[in-house]
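# I need the structure of the sequence given here:
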Amino acid sequence: MKYLLLLISLITLRASAQKLTFIESDAKEKDCVHQIFTTSSGKYVDLKYGSFIRALNYSVGINAVVAVYDHQLNQLFSKPLDATARKMFIAGYTIGDKLILFFSNRENAVQVYELNVEDGTASLVADLVKPTAEDASLTVGPSSDTSHFYVVYKTTHKNEPSSYEGFIIDKQFKIVTKFVASNEEPDKNIDQIKFIVSDDGIFNIIAAVKGSDTKKDFNPFNYTIIQVNASGKVSTGHLTGIPGGLFKNIAWYAVKNDVQFKGFYEMEKSPDFTTVISGVYDGLQRKVTQIKKTELAQKVSVTASLLHYYTLKDNSTVIMLEPSGGTHIDYVPKPNPIGSSFSMQREPATVGVGNLYMIKITANNEIAWVKTIYKNQLEMNFHAFTGSAILPDNNDGFYIFYQDCLKNTDVDDTTPRRVVLPGGKRDGLAVVHISADGKMTKKFQEPSFNHKRYSGVPFSPVFIATEGGNRLIYVSFKHKNMDRSLYHLSAVTVE
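The predicted model follows:
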């Protein structure tokens, strides 16, 4: 067999009587911007679509490269994706037994391809319209059940509101709705934009408009919702009824014409959030209903940013927040908070990542539990090893993997020792499990990594995929410097 598996370790989490099996492919790949996909056949696809130094620059003819692995991480092949030459990768999704990839051509028109994982070829399934504006930025995203997708072109105008041109496509990749819209405020007055589409194809543009940040008038954000119905009619409303104060880190859900939300609130300037506010924006009546304030039993730092949110089997929601900070230097890929695509963002030279906060909110918008995974991570010159990788299990619990100092054994220690990554002999991979009822345990991999290997090929939580509620596919880096590093595809399975 061409590529041998390296069995890194087999560990037992004694508290839960479950074992974690780690495997790593022997195939070495050059570090790049990439995305990992699972497939219904059990194979994995690693799509490499850019360089850290020449990120997403396809004008010089850089092709995307597709590498396919079997379930045991034997690499079957790695080859250029010729059908998408000189085109830019936008996003990709596994839909049933199909792997669908969205690319844009030189005219910024979206083209949809289906990847054949048996031979690594791609066939064009939809060639969509190009935007009328030449300098528009493109965003693509799915509904929760991937029955609809939005394709949105945003054009920024100096000192004027941004305009949007877009369309909604169905699962046959046919255009079902076209629309044009614009913000009420100039782009300079908007902090961030969020797009969501319901399973019925109702599209929403949510704008966080900058407000006042003074102590006397503390209301940093006001939210505007632009809704596009199935016939393309545009209406604009506001998230009224939210009391004055800081409201951010919001989980948004589109359900027909409603936009449900759950976010974190603090009335006055404070280092911590103490309240969760939930409610529903009714797009037909353009008003907010069912507003509910719930006090947090444990404080959550206002420096934390939204990482993920999940809907569980009982319709409860788990929201995850994590703070980070540093000095900005260059553009590197970062995963979008929600979704399976990546964007290029300015990233700190020194990355510091603190505690991971997990908050479970019931279907009735009550706080079930608040958990803090205490950690203190620092990384220099690169963002590859800080942060957490989350594996939702099949019982509404979660496994959290992150690099930590081996002396930080107490899951309730509020002042953990700092770990400088990628780590050394005194550091290892921590595994925290939180059950559906909020019970939390922490173990390090036992035995710890062979440190001759671990110091050279450590665990990275940046590029991951999950499968079946019991497997996390991730990347192990052999870090040298930007654009010269090597990586292996790796996986951990909960048995």
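
# Tell me which residues touch residue 122, please.
Applying CB atoms under 8 Å, 6 or more residues apart in numbering to residue 122 gives the contacts 66, 81, 83, 84, 101, 113, 114, 115, 116. Quick note: C-beta positions are derived from backbone N, CA and C, even for glycine.

# For it, what is the enclosing helix or strand?
Here residue 122 sits within strand 121-127, counting by DSSP states H and E.

# Direction included, what does that strand pair up with?
strand 110-116 (antiparallel) (DSSP bridges).

# Now the strand it pairs with: average pLDDT?
Per-residue pLDDT over strand 110-116 has a mean of 97.

# What is the distance between that strand and the centre of its chain?
22 Å (CA atoms, centre = their mean, to the nearest Å).

# Tell me which residues of that strand come out buried.
110, 111, 112, 113, 114, 115 (16 or more other CB atoms under 10 Å).

# for residue 27, what are its contacts?
3, 67, 69, 75, 78, 488, 489.

# So which residues of the stretch 1-150 of the chain form strands?
For the stretch 1-150 of the chain, the strands defined by DSSP state E, counting those that start in this stretch occupy 6-13, 18-24, 29-30, 33-38, 44-50, 65-69, 75-80, 88-95, 98-104, 110-116, 121-127, 137-142, 148-157.

# possible to save those as a markdown table with distance to residue 352?
Shown next, in a markdown table, are the strands of the stretch 1-150 of the chain (distance: least, CB to CB, whole Å):
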| stretch | distance to residue 352 |
| --- | --- |
| strand 6-13 | 28 |
| strand 18-24 | 27 |
| strand 29-30 | 28 |
| strand 33-38 | 23 |
| strand 44-50 | 26 |
| strand 65-69 | 32 |
| strand 75-80 | 35 |
| strand 88-95 | 29 |
| strand 98-104 | 34 |
| strand 110-116 | 37 |
| strand 121-127 | 40 |
| strand 137-142 | 29 |
| strand 148-157 | 31 |
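
# Lowest average pLDDT across those?
Across the strands of the stretch 1-150 of the chain, the lowest-scoring stretch is strand 6-13, with a mean of 36.

# So residue 101 is in contact with residue 87, correct?
No - at 9.9 Å, residue 101 does not count as touching residue 87 under the criterion of CB atoms under 8 Å.

# The two: which is more packed in?
residue 101 (27 against 20; other CB atoms under 10 Å).

# isn't residue 462 right next to residue 387, touching?
Yes - between residue 462 and residue 387 there is a contact under CB under 8 Å: 6.8 Å.

# of the two, who's got more company?
Using other CB under 10 Å as the criterion, residue 462 and residue 387 rank with residue 387 on top: 25 against 18.

# circling back to that earlier point, ok, which pair from the buried residues of strand 110-116 is furthest apart?
110 and 115 (16.0 Å; CB to CB).

# so how far is residue 268 from the residue lying farthest from the centre of the chain?
Distance from the centre of the chain peaks at residue 216, with 35.5 Å (CA atoms, centre = their mean). Distance of residue 216 to residue 268, computed by CB to CB, to the nearest Å: 10 Å.

# Need the contact partners of the longest strand along the chain.
Across the chain, the longest stretch assigned as strand under DSSP state E is strand 287-301. Residues from elsewhere that reach strand 287-301 (CB under 8 Å, 6+ apart): 237, 239-243, 264-265, 271-282, 321, 323, 354-355, 357, 359, 361, 365-367, 369-370, 372.

# Now, of the residues you listed, which are buried?
237, 239, 242, 264-265, 273-281, 321, 323, 354-355, 357, 359, 361, 365, 367, 369-370, 372.

# Which members of those residues are positioned in strands?
Reading strands off the buried ones among the contacts of strand 287-301 with DSSP E, I get 237, 264-265, 273-281, 321, 323, 357, 359, 361, 367, 369-370, 372.

# got any ranges where the stretch 251-400 of the chain has weak pLDDT?
Counting by pLDDT under 70, the low-confidence segments of the stretch 251-400 of the chain come to 325-349.

# repeat that with 90
For the stretch 251-400 of the chain, applying pLDDT under 90 flags the ranges 297, 299, 323-353, 378-386.

# How about the contacts made by residue 402?
356, 373, 375, 377, 387, 388, 389, 429, 430, 432, 461.

# quick one on the thing from earlier: partners of the longest strand of the chain, with directions?
strand 272-282 (antiparallel).

# The strand it pairs with vs strand 356-361, what angle?
Between strand 272-282 and strand 356-361, the angle comes out at 40 degrees (axes from the mean of the first three to the mean of the last three CA atoms, to 10 degrees).

# where along this structure do the helices fall?
All helices of the chain, identified by DSSP state H, fall at 451-454.

# circling back: between the contacts of residue 122, which is nearest residue 255?
residue 101 (27.9 Å).

# Please list all residues in contact with the closest one.
47, 84, 89, 91, 92, 112, 113, 114, 115, 122.

# redo that, cut-off 6 Å
Shown in contact with residue 101 (CB atoms under 6 Å, 6 or more residues apart in numbering): 92, 113, 115.
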